[in-house]
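1. Sequence unavailable; structure follows:
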């Protein structure tokens, strides 16, 4: 998925923003993490492993 694609602009971005602002404050960071996994995994699910490794390294 590309930032300038119609799927991103009209479906993914509004859905992500709506779910972010409707979520309770303590779940917003987790929601953004899951949303970024979905974005990275949209074109190739193997990118989720790369994102998970990056998240793990940053957390530790």
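-> Ah, there it is. Owing to the predicted nature of the structure, the values given are computational and were not obtained by experimental measurement.

2. how close does the residue nearest to residue 2 when sequence neighbours are not counted sit to residue 41?
-> Leaving out its chain neighbours, the residue that sits closest to residue 2 by CB to CB, 6 or more residues apart in numbering is residue 8, at 6.6 Å. C-beta here means a position set from N, CA and C on the backbone, and glycine is covered the same way. In this view, residue 8 and residue 41 are 14 Å apart by CB to CB, to the nearest Å.

3. What of residue 29?
-> As judged by CB to CB, residue 29 and residue 41 stand 19 Å apart.

4. out of the two, which sits in the busier spot?
-> Shown here are residue 29 and residue 41; by other CB atoms under 10 Å, residue 41 has more neighbours (16 against 11).

5. Test my guess that that one contacts residue 52.
-> No - using CB atoms under 8 Å, residue 41 makes no contact with residue 52, being 10.1 Å away.

6. and for these two, which residues touch both?
-> When CB atoms under 8 Å, 6 or more residues apart in numbering defines a contact, no residue borders residue 41 and residue 52 alike.

7. Contacts for stretch 5-22, please.
-> Under CB under 8 Å, 6+ apart, the answer for stretch 5-22 is 1-2, 28, 31-32, 35, 39.

8. That one spans what distance, first to last residue?
-> In stretch 5-22, first residue to last residue: 25 Å (CA to CA, to the nearest Å).

9. Strands of this protein, residue ranges please.
-> Assigned strands in the chain: none (criterion: DSSP state E).

10. hang on, the earlier thing: check the contacts of stretch 5-22 for the minimum pLDDT and say which it is.
-> Across the set of the contacts of stretch 5-22, residue 1 stands lowest in pLDDT, at 72.

11. That's all I had, so thanks and see you.
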